[in-house]
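Peer 1: No sequence on hand, only this structure:
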């Protein structure tokens, strides 16, 4: 009994040594920081060092909870001291804290090996004082814009220290379209007697939904060169520290479309101009010859996708219209975005006379005055003249054989022999024509190929009819999602397009505009419900024109320029 009790401590010791043996052979990984405490907008270095190769690669994911990982590097150093060779493995990370307070840098696993945890104190940035080295200022104008109108958002980066490089995040507000305006501006200014270098960047923001909207802070990350005493590191490279500056958020109150605005197309802008040009200023053209009308709509403070369609089909069927695809462009100016829409239409009269083109009106909302305004072009009279070489005579009408016999006078007896001779000649010609016709018939019967069944067009027509019913049902129910699905089926069938944005360029101007409106509504739903009547009407007109064009392609066309 005593011998058994004596063996128990011995077995326990052996078991403990066995369990602790992996720990004894594990690599020691030490975590250190270059300074403590730090400021909220300043970076710091976290280094993991080991003299032995760890069990596996490090997992730095736990650091992302309270820190941003700006950069990470790995190095392997070998030294020879007193006849001994030593190796040091290092992992260096550049971090920036996400919040203030006493933050834990957790243990990092390297396979089965693990580093030591440590705490770091993060204080409020000294950049809140007036004498900060780098900081950001932002402003937005106006603070109470109308939905889909332009907001100018300006970011200014102030610095009084040398930087090697810097990056600025773009603003990312929800339910808004953001476009950068031009190149950055560089200038200098003085604040409280201190000289600052300034970099200014501007954006145009178009809110797509009414109500409160917040533009979140933008962040600038810069590599700031350290003071001259430690300006250069190994091989003359400059020593830098990563600094970060954040702007304040900006809140806007986006106003909905006013109830007093009753126009069908919502166009908020600062200024709108409408003009026209003709290929012939005299507005006189010969029948069968084209005259080109160019309409241009210019709007300041809006995007080209918001500009409405301008031209309409002539009411007189004798005046044929051939519109080109609308050209949409945007230009950057000191006032923001200037949008252009250009439409060219070739008009060809088929009869002489005067053709009246109705007045064109475009209603828009002046965001500066808060009033509905209108730009217009007066009605135009186009004069069509008969062509100079148009002395057309009525072609002789061929008589039927019966009438021809009635018109043949009775031959006198003296001419009976001549008539008989002519009859024999005509009988011979008729017999020859009959033989040739018979030979032709035999040839066709022998070499006639089996007719090719054109099943593809009928199948396409069936699919199109089904899509037409689906789209009509969706538009009548004002269901934008169902309308999108129907259009996607149609686009995949005809253009191999898988999105509304890819379908729109294949369509005529009116249908393209309605598809863009639907896509915009689905991206950022408006306060007003979507109405599908205009989309289906444009879709039906588009298909009708395509069918007419196809029929004309399958049959001889009238020449565009008649001789």
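Peer 2: Okay, I see it. Remember, it's a predicted structure, so these values are computed and weren't measured experimentally.

Peer 1: As a check, name the ranges of all strands in the stretch 301-450 of the chain.
Peer 2: With DSSP state E, counting those that start in this stretch as the criterion, the stretch 301-450 of the chain has strands at 319-323, 327-333, 336-349, 353-357, 360-366, 371-377, 380-385.

Peer 1: buried set for the fourth one?
Peer 2: Of the residues in strand 353-357, 355, 357 count as buried by neighbour count, 16 or more other Cβ atoms under 10 Å. The way it works is simple: take the backbone N, C-alpha and C, and place the C-beta from them, glycine included.

Peer 1: where's residue 474, which helix or strand?
Peer 2: helix 455-476 (DSSP states H and E).

Peer 1: next SSE after that helix?
Peer 2: Next helix or strand after helix 455-476 toward the C-terminus (DSSP H and E): helix 480-495.

Peer 1: Quick one: list the elements packing against the helix or strand following that following helix.
Peer 2: From helix 480-495 onward toward the C-terminus, using DSSP H and E, the following helix or strand is helix 500-503. Where contact means 3 or more Cβ pairs under 8 Å, 6 or more residues apart in numbering; DSSP states H and E, helix 500-503 is packed against helix 480-495, helix 509-523.

Peer 1: how far off helix 480-495 does the shortest one point, in degrees?
Peer 2: If you take axes from the mean of the first three to the mean of the last three Cα atoms, to 10 degrees, helix 509-523 sits at 130 degrees to helix 480-495.

Peer 1: How many neighbouring residues does residue 483 have?
Peer 2: Neighbour count for residue 483, taken as other Cβ atoms under 10 Å: 28.

Peer 1: Show me where the chain dips below the pLDDT cut-off.
Peer 2: Within the chain, the ranges that satisfy pLDDT under 70 run 1-25, 79-83, 125-131, 227-238, 388-462, 523-527, 545, 547-563.

Peer 1: domain assignment for it?
Peer 2: 26-124, 129-254, 268-385, 464-553 (automatic domain parsing).

Peer 1: and of those domains, who's closest to residue 260?
Peer 2: domain 268-385 (6.6 Å; Cβ to Cβ).

Peer 1: Now do the contacts for the residue nearest to residue 490 when sequence neighbours are not counted.
Peer 2: The shortest distance from residue 490 to any residue other than its chain neighbours is 4.8 Å, reached at residue 467 (Cβ to Cβ, 6 or more residues apart in numbering). Contacts for residue 467 (Cβ atoms under 8 Å, 6 or more residues apart in numbering) come out as 486, 489-490, 493.

Peer 1: With distance to residue 520 and neighbour count as new columns, can these be given to me in a markdown table?
Peer 2: Formatted as a markdown table, the contacts of residue 467 follow (distance: Cβ to Cβ, whole Å; neighbours: other Cβ atoms under 10 Å):
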| residue | distance to residue 520 | neighbour count |
| --- | --- | --- |
| 486 | 18 | 22 |
| 489 | 21 | 16 |
| 490 | 19 | 21 |
| 493 | 24 | 13 |
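
Peer 1: which among these gets closest to residue 472?
Peer 2: residue 486 (8.7 Å).

Peer 1: Closest one of the contacts of residue 467 to residue 344?
Peer 2: Minimum distance to residue 344 across the contacts of residue 467 is 26.9 Å, recorded for residue 490 (Cβ to Cβ).

Peer 1: who wins for proximity to residue 214 among the strands of the stretch 301-450 of the chain?
Peer 2: Evaluated with Cβ to Cβ, the strands of the stretch 301-450 of the chain place strand 336-349 nearest to residue 214, the distance being 20.8 Å.

Peer 1: about what we covered before: mean neighbour count, the helices and strands packed on helix 500-503: which tops it?
Peer 2: helix 509-523 (a mean of 20; mean count of other Cβ atoms under 10 Å).

Peer 1: counting contacts, what elements does that one pack onto?
Peer 2: Judged by 3+ Cβ pairs under 8 Å, 6+ apart, helix 509-523 is in contact with helix 480-495, helix 500-503, helix 533-554.

Peer 1: so how far is it off the chain centroid?
Peer 2: Between the centre of helix 509-523 and the centre of its host chain there is 12 Å, according to Cα atoms, centre = their mean, to the nearest Å.

Peer 1: and the direction of that helix versus that of strand 319-323, what angle?
Peer 2: Helix 509-523 runs at 40 degrees relative to strand 319-323, counting by the same axes, to 10 degrees.

Peer 1: Which residue is the nearest non-sequential neighbour of the most centrally placed residue in the chain?
Peer 2: Closest residue to the average C-alpha location of the chain: residue 501 at 6.9 Å, with Cα atoms, centre = their mean. Leaving aside its chain neighbours, residue 501 sits nearest to residue 519 (6.3 Å; criterion: Cβ to Cβ, 6+ apart).

Peer 1: Look up how far residue 482 lies from that neighbour.
Peer 2: Here the criterion is Cβ to Cβ, to the nearest Å. By it, residue 519 lies 15 Å from residue 482.

Peer 1: on that earlier part again, closest to residue 270 out of the helices and strands packed on helix 500-503?
Peer 2: Comparing these by Cβ to Cβ, helix 509-523 comes nearest, at 20.5 Å.

Peer 1: ok, and what's touching that closest one?
Peer 2: The set of residues external to helix 509-523 that reach it, using Cβ under 8 Å, 6+ apart, is 208, 305, 308-309, 323, 325-326, 343, 480-481, 483-484, 487, 500-501, 503-505, 507, 530, 534-535, 538-539, 541-542.

Peer 1: and those, which are buried?
Peer 2: Buried members of these, counted by 16+ other Cβ under 10 Å: 208, 305, 308-309, 323, 326, 343, 480, 483-484, 487, 500, 503-504, 507, 530, 534-535, 538-539, 542.

Peer 1: contacting residues around the residue nearest to residue 530 when sequence neighbours are not counted?
Peer 2: The shortest distance from residue 530 to any non-neighbouring residue, by Cβ to Cβ, 6+ apart, is to residue 480 (4.5 Å). Residue 480 makes contact with 474, 518, 521-522, 530, 532, according to Cβ under 8 Å, 6+ apart.

Peer 1: possible to save these as a markdown table with distance to residue 350?
Peer 2: Formatted as a markdown table, the contacts of residue 480 follow (distance: Cβ to Cβ, whole Å):
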| residue | distance to residue 350 |
| --- | --- |
| 474 | 39 |
| 518 | 37 |
| 521 | 41 |
| 522 | 43 |
| 530 | 40 |
| 532 | 36 |
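
Peer 1: and which of these is nearest to residue 68?
Peer 2: Here the nearest of the contacts of residue 480 to residue 68, counting by Cβ to Cβ, is residue 522; it sits at 34.0 Å.

Peer 1: one step back: looking at the helices and strands packed on helix 500-503, spot the one closest to residue 292.
Peer 2: Smallest distance to residue 292 across the helices and strands packed on helix 500-503 (Cβ to Cβ): 16.0 Å, for helix 509-523.

Peer 1: Next, the angle strand 327-333 makes with that closest one.
Peer 2: 60 degrees.

Peer 1: Please find the angle between the direction vectors of helix 509-523 and strand 336-349.
Peer 2: Relative orientation of helix 509-523 and strand 336-349, computed by the same axes, to 10 degrees: 150 degrees.

Peer 1: returning to what we had before: could you dump the domains of the chain to TSV with distance to residue 260?
Peer 2: As requested, the domains of the chain are exported to TSV (distance: least, Cβ to Cβ, whole Å):
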stretch	distance to residue 260
domain 26-124	47
domain 129-254	12
domain 268-385	7
domain 464-553	14
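
Peer 1: Select, out of the helices and strands packed on helix 509-523, the one closest to residue 239.
Peer 2: helix 500-503 (48.0 Å).

Peer 1: How about residues contacting that closest one?
Peer 2: 484, 487-488, 490-491, 495, 497, 515-516, 518-519, 522.

Peer 1: export the residues you listed to TSV and tack on distance to residue 213?
Peer 2: Output for the contacts of helix 500-503, formatted as TSV (distance: Cβ to Cβ, whole Å):
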residue	distance to residue 213
484	25
487	29
488	30
490	35
491	32
495	35
497	32
515	26
516	22
518	23
519	21
522	19
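
Peer 1: Against residue 314, how distant is residue 286?
Peer 2: Distance from residue 286 to residue 314, by Cβ to Cβ: 18 Å.

Peer 1: Brilliant, that's me finished.
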